[in-house]
Structure formats: structure tokens, C-alpha cells
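A.B. asks: Here's my sequence, what's the structure:
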Amino acid sequence: MTVNQQAASNRSAVAIAHGKWSALISLRGAALLQLSAGNTKIVTNDWPNSDDWFAGSTLAPWVNRLDAGTWVHNGQTLHAPINDAKNNCANHGLVHDHIFEIVQKTESSIELSTLIHDSAAYPFEVKLNVYYELTEYGMSSIISAKNVGTQRAPFGAGVHPYFVSDPDSILTFDAYEQFEVDERMLPSTKTLATNPGSETRTIRLNNKDDFTDTCFGGLTRYAEGFAQAFITRPSTSERVTVFQNQELGYLQVFTLMGNDFAGGNTLVALEPQSSPANALNTGDGLVWLEPGQVWSGRWGVDIEEVSK
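C.D. replies: As a prediction, this is how the structure comes out:
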């Protein structure tokens, strides 16, 4: 099924295209469901119950798990709905099931918007905009948040796209920090690379021994302050690059394996995000928006051929 065909069968999804690039964006959660460069599928939601895995969703006003779905603000305990019963956590914020409004759309771009407000879990008013654009160089996305309320608001954001890998694919990136987690997948300790500055992380994406659901910080920055992660496909001489700016200071890596996912392929969620899990409780990476203040984070994807 092509991107345009799937868009026609799903009223809540919108297709954009430019040259060899095509993408399918869902209004639900402003999710990047699919991304392709010509015949090469890069991002997918093509497996049963992909919504249960937050496929492509925008995550805000927190990312990953919130311990017991509770946090305290000005002496008041706030409660978010538990959607990870196994770990007793509220996972991935409040907007993954919002139906976003279309602000503007062209053949190659789309901007979506929603208001974040929940009296029980998040008694603030933050307007969230998500922009996707395709160019000859690939896909670029900007997540922006504006505090439209009257009080200072804590905030975090990220995305949850799933990338397709081949049997011999390898993920590499440089990160100085790695968050260890407890039995409920909440950050417990932070370990540092042995060599100050950076450490190259290598994950074999179709090796069950390399399964991971881990957050990394201290990302090495390259041109214009962007960090980069690479999925290399030796069999096709292709390398997918995921980049993220300094405002998205963390990378969550989550691998899915087995025949239930995308025809038996391994999928890897590379999740650029502004904070690690449970930030509303720990304060780690948490952004505080003053009334009227705007925050934005940028990330994107490209692909290139590399020599074997």
C-alpha cells in the first residue's frame, strides 16, 4: 500500500511528498506514521496494534514514564491516567491521543496544533505546534510549545518514530551518559562513559542480546549543534541519519523484535526528547516556560549511500 493509498483509507492521516520523499502524518498525536525515500521504507507503523506502541506519536508535556502517574506542584499532588499498568506509570504525556488541528498544509509540509491542559494532571495551558517538512535533503520537524496560561509551566517533549532495519543493521551514536533503570523502567542511576567527552554506542538491531529500552544523554554535538544517530544497512549500502538539536538533549532507544512487528523485521524507536523519564518528579532536563514563553526543538531524518 502506498502512502497516498493509506492516507485515502485513513481520514485522520495526511500525506505529504517532495521528490523521492513521502510521509504519512496522523492528526492523532501528530504522529509520523510512515516515511520513505523512493522504494526505501524508513519509518513505519505497519504492524498490528501499532497505536498501542505510540508509533510516531508526539510526546508532551512529559516523555516516557511518570512514576505512579503522580507529581507534586506547589504542594498539590497531581494525577495522570495510568496507561502502563505493568509498571504503574503514566506513559508518554497527554497528547498522543489528541486529534490535532491543521494550521497550514502544502504539498510538502504540514503544521498541526493542540492545546495541552488537564486540570487533574497538568493544570497549565500550553499550545503545542508540530511542523513537518520534506525537502530534497529529507524530513525536518519542529516541535514548539508556547505557554498561553498565566502561571509558570513545566514542560518536556519528544517523538516516538519506529525505524525499519535489515537483518544486518547496526545503530551507532555518541553519548556520554546512560540512564540505568529499575524494575519498573524508571531511571535509577546514571553512568558515564569511561572516556570524558563521548563514547560510541553500537547496537546490533537484529540481535536479541542487544535489546534495549534505554535513555542516553550527553550527546556529542556536530555541525550547528546537532547530535546524530546512524542506522547503517550494510547489505544495501544505505545509512539513515536521525538528527536532533540541543533543545532535544536526550535520545531514548527502544528495540522491538519478532514476527509480530513489520513482517518480522526489527524496529527501533529512536526518540529525540528534551528530558529523560520521570522528569516532572526528578527535574532532570525539565523545561520551565514562563507565561508567553516559547520553546522549540528540531529533529529530522535523511538517508545516504555509503561505501561497503
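A.B. asks: Leaving out the residues flanking it, which one is nearest to I102?
C.D. replies: Leaving aside its sequence neighbours, I102 sits nearest to L112 (Cβ to Cβ, 6 or more residues apart in numbering; 6.1 Å). For the C-beta atoms, the positions are set from N, CA and C on the backbone; glycine is no exception.
A.B. asks: got the contact list for the one you found?
C.D. replies: Contact analysis of L112 by Cβ atoms under 8 Å, 6 or more residues apart in numbering lists 25, 27, 30, 100-103, 129-131.
A.B. asks: Distance check, it against S188.
C.D. replies: 35 Å (Cβ to Cβ, to the nearest Å).
A.B. asks: give me the element the residue nearest to I102 is part of.
C.D. replies: Using DSSP states H and E, L112 maps to strand 109-118.
A.B. asks: Now do that strand: distance to the chain's middle.
C.D. replies: 16 Å (Cα atoms, centre = their mean, to the nearest Å).
A.B. asks: And that strand, what's buried?
C.D. replies: Neighbour counts over strand 109-118 (16 or more other Cβ atoms under 10 Å) mark 109-114, 116-117 as buried.
A.B. asks: Now the two most distant members of those residues.
C.D. replies: Maximum pairwise distance in these, criterion Cβ to Cβ, is 26.9 Å, between S109 and H117.
A.B. asks: tally of neighbours for S140?
C.D. replies: Burial measure for S140: 17 neighbouring residues, criterion other Cβ atoms under 10 Å.
A.B. asks: So what sits opposite it in the bridge?
C.D. replies: Here S140 sits in beta bridges with E133, G300, going by DSSP bridges.
A.B. asks: measure it to W47 for me?
C.D. replies: Counting by Cβ to Cβ - S140 and W47 are separated by 26 Å.
A.B. asks: what residue ranges in the protein are flagged as low confidence?
C.D. replies: The chain contains residues with pLDDT under 70 at 1-11, 195-198, 207-210, 257-265, 307-308.
A.B. asks: hmm, try it at 50
C.D. replies: 1-11 (pLDDT under 50).
A.B. asks: need the contact list for Q244.
C.D. replies: Contacts for Q244 (Cβ under 8 Å, 6+ apart) come out as 219, 226-227, 251, 272, 297-299.
A.B. asks: Could you identify which of those residues has the most neighbours?
C.D. replies: Greatest neighbour count in the contacts of Q244, by other Cβ under 10 Å, goes to P272: 29 neighbours.
A.B. asks: beta partners of that residue?
C.D. replies: L251.
A.B. asks: Which parts of the stretch 1-150 of the chain are strands?
C.D. replies: 13-18, 21-26, 31-37, 40-43, 58-59, 65-67, 70-73, 76-79, 89-91, 101-105, 109-118, 122-135, 138-147 (DSSP state E, counting those that start in this stretch).
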